[in-house]
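>>> Have a look; sequence and predicted model below, questions after that.
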Amino acid sequence: MQEDDLTLDDVRKLAAEIGMTRLTGEHLEQLLRATNAARKRRASLPTGELTPADEPAQVFALDAGPSR
């Protein structure tokens with residue numbers, strides 16, 4: 001699915017929706033560039049045949065220390 005690039009107004013609206021209302025114009029331009037780059041990278045990934053089993057497992061365990 002190819003998505004069109006976002007505009008500065010689109011990014012300003014998205015930022016406002018999540019409470020990022022104090023971004024400067026420069027910050028919004030940086031966010032715009034980063035978002036468009038991430039969307040292009042994501043669109044180029046072959047995901048059509050992925051299944052839930054392809055998701056990497058994130059497993060963490062605490063070291064219990066010596067056994068009692």
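Received, thanks.

>>> all contacts plus neighbour counts: C-alpha atoms, from now on.
OK.

>>> element containing the nearest residue to Thr7 once chain neighbours are set aside?
Excluding the flanking residues, the one nearest Thr7 by C-alpha to C-alpha, 6 or more residues apart in numbering is Leu32, at 7.2 Å. Using DSSP states H and E, the element containing Leu32 is helix 25-44.

>>> wait, doesn't the residue nearest to Thr7 sit right on Lys13?
No. Between Leu32 and Lys13 there is no contact under C-alpha atoms under 8 Å: 11.5 Å.

>>> Who has more neighbours out of those two?
Leu32 (20 against 14; other C-alpha atoms under 10 Å).

>>> Now do the contacts for that one.
Contact analysis of Leu32 by C-alpha atoms under 8 Å, 6 or more residues apart in numbering lists Leu6, Thr7, Leu8, Val11.

>>> and the last one, how many neighbours?
When you say that, I think you mean Val11. When neighbours are counted by other C-alpha under 10 Å, Val11 comes out with 18.
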